[in-house]
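S.K.: got a structure for you, letters missing:
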Ligand code: ZN
């Protein structure tokens, strides 16, 4: 497997709408290998998720996997989920404030408003139609990844720019308050 190069903010590939992946193209060995490489790249970078445009491949594929994540230790585990042509619909108007980061925006985090519950439909890597409901912090991860497929980065959604922080300063100044809020959210959802 290959670790792919991650595109950083400023690279135009992160700003385009990625194209739908037809079933026939999904079934190709080259596409299946690409999906394996995408998962491997996410793991090597300790990401909670990654989207294909982040490795300069603008197709509608993204993956999420959280298992005792080093970058986000407070996050509940999410099994490996590979989404092709995902469609995400909020199923509540309730939102929460998520402190997000992104592999394509090095050393920056900021507060973003996300829906607390979303419905997701997508093709899995075999082309099987799949539906899922996501809540709380997990719902935030999926919203972040699906945004990438539309050329949107978390920084576009940061309303209070005074929340922007480096990772080290997040640890020092913001983490405890955020973790306390998220623990309450996880318990509620
Ligand atoms: Zn991202």
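M.R.: Received it, and whenever you're ready, just let me know what you need. Nothing here was measured: the structure is a model prediction, and the numbers come from that model.

S.K.: use CA for all of it now, contacts and neighbours both
M.R.: Will do.

S.K.: how far away from the center of its chain is the longest helix anywhere in the chain?
M.R.: Counting by DSSP state H, the longest helix found in the chain is helix 29-44. Chain-centre distance of helix 29-44: 15 Å, with Cα atoms, centre = their mean, to the nearest Å.

S.K.: the helix or strand following it: partners in the sheet, and parallel or antiparallel?
M.R.: Next along the chain after helix 29-44, taking DSSP states H and E as the criterion, comes strand 49-51. Strand pairing for strand 49-51, using DSSP bridges, gives strand 61-66 (antiparallel).

S.K.: what about the longest helix of the chain, average pLDDT?
M.R.: Helix 29-44 shows a mean pLDDT of 98.

S.K.: please name every helix or strand in contact with it.
M.R.: strand 49-51 (3 or more Cα pairs under 8 Å, 6 or more residues apart in numbering; DSSP states H and E).

S.K.: give the buried residues for the longest helix of the chain.
M.R.: 34, 35, 37, 38, 39, 40, 41, 42, 43 (16 or more other Cα atoms under 10 Å).

S.K.: OK, contacts around the fourth one?
M.R.: I take that to be residue 38. 3, 4, 50, 51, 52, 55, 63 (Cα atoms under 8 Å, 6 or more residues apart in numbering).

S.K.: again, 10 Å this time
M.R.: Under the criterion of Cα atoms under 10 Å, 6 or more residues apart in numbering, the contact list for residue 38 reads 1-6, 32, 44, 49-52, 54-55, 61-63, 82.

S.K.: can you check the first one too?
M.R.: Residues in contact with residue 34, defined by Cα under 10 Å, 6+ apart, are 1, 2, 4, 26, 28, 40, 52, 57.

S.K.: all the strands of this structure, residue numbers only.
M.R.: Ranges of strands in the chain, per DSSP state E, are 49-51, 61-66, 78-90, 95-102, 105-115, 117-123, 129-135.

S.K.: hey, which of the ones you listed is tucked in deepest?
M.R.: strand 49-51 (a mean of 28; mean count of other Cα atoms under 10 Å).
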